[in-house]
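*Asks:* just coords:
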DNA sequence: TGCAACTAGACAACTGAGTTGACTAGTTTG
DNA sequence: CAAACTAGTCAACTCAGTTGTCTAGTTGCA
């Protein structure tokens, strides 16, 4: 429950600050899309769906939104004529940088509240735990 | 992002184990309802809605489900003839104990992965951060 | 005291982010 | 080569929320 509540507080703050920027109605799930596409250039919608743990249709819908908004573009897939390769546009990359800065800000506040040493321990602990738990990640928010 | 992913992994595990018990289709949000009602006997649906950060109608729906499933019951409100006081049934309390045990199990596994000392630090850090952030909590899951 | 303003819960219609099903055209494999 | 599989698209559907409305109950103030 502690994790849940902490996560909630941080996410709320993230989204409050995001809302101040008057961007498109980006959801937390979009964050995972951006990150995945940044890490996997030329991913397809089906790849993304598997990664996100949703149906291909849901992934395709999300991608369509991001394409409409100018964050992602679709190019012909190098080897499969049925598929599109999805890549972040410059706007998408700029958003990712902005989001990273925002999360860094929130972590700074966490450090201010609990101490930088503790934050370091927390980080290490979480990284260890996640290394031990590798698998697909699906956003819950 | 670390928080998000950690949270996700733990929640997934919680719900996998919950599914093994063949209970009603309880959602993560229900967890918050149980806890709130345990802490606030005689809460009303509107109280719950405010706490959860949802509309009164959404809260009422959720309560109706839990009433149907036997976890919550409604009694006349002591002072307001329009309202119902919501309380956990024995079944509701038993579920809460079970859920707590399950979270404790997950925390044990966390400790096994990262060390009990680190878990303690993590706990303290999160509690400090939350104490600094008090406000309504709404489940994101 | 009476009345305007407010409010709890219920009912209803709606939204949107997912789901499943179906289909066509493209791909893989034996 | 053909059967089996699959990417993306379209469509219908689900469900956990939303907003709007309404009636009866409550509060506060003149």
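*Replies:* Yes, it's here. Computed from a predicted model, the values in this text were never measured in an experiment.

*Asks:* now do residue A:75 against chain B, distance only.
*Replies:* Distance, residue A:75 to chain B, by CB to the nearest CB, to the nearest Å: 27 Å. The way it works is simple: take the backbone N, C-alpha and C, and place the C-beta from them, glycine included.

*Asks:* again with residue A:111
*Replies:* Distance from residue A:111 to chain B, by CB to the nearest CB: 10 Å.

*Asks:* any idea which helix or strand carries that residue?
*Replies:* Assigned by DSSP states H and E, residue A:111 belongs to helix A:90-114.

*Asks:* what does that helix contact?
*Replies:* Contact with helix A:90-114 is made by A:10, A:13-14, A:17-18, A:21, A:23, A:26, A:31, A:34-35, A:37-38, A:66, A:70-72, A:88, A:118-119, A:122, B:1, B:124-125, B:128-129, B:132-133, as judged by CB atoms under 8 Å, 6 or more residues apart in numbering or on different chains.

*Asks:* can you pull out the helices in chain A?
*Replies:* Using DSSP state H, the helices of chain A run over A:2-19, A:28-39, A:45-52, A:56-68, A:90-114, A:116-131.

*Asks:* and of those, who's closest to residue B:43?
*Replies:* Residue B:43 lies closest to helix A:2-19 among the helices of chain A, at 18.5 Å (CB to CB).

*Asks:* rewinding a little: average pLDDT across the helix holding residue A:111?
*Replies:* Summarised as a single mean, pLDDT over helix A:90-114 is 90.

*Asks:* buried residues, that helix. List them.
*Replies:* By 16 or more other CB atoms under 10 Å in any protein chain shown, the buried positions in helix A:90-114 come out as A:92, A:95-96, A:99, A:102-103, A:106-107, A:110-111, A:113-114.

*Asks:* gap between the residue of chain A most remote from its centre and DNA strand D?
*Replies:* Relative to the centre of chain A, the most outlying C-alpha is that of residue A:81, 27.8 Å out, by CA atoms, centre = their mean. Residue A:81 sits 9 Å away from DNA strand D, going by CB to the nearest atom of the strand, to the nearest Å.

*Asks:* what sits against that residue?
*Replies:* Counting by CB under 8 Å, 6+ apart, residue A:81 has no contacts.

*Asks:* closest to residue B:62 out of the buried residues of helix A:90-114?
*Replies:* Residue B:62 has its nearest neighbour among those in residue A:106, at 29.2 Å by CB to CB.
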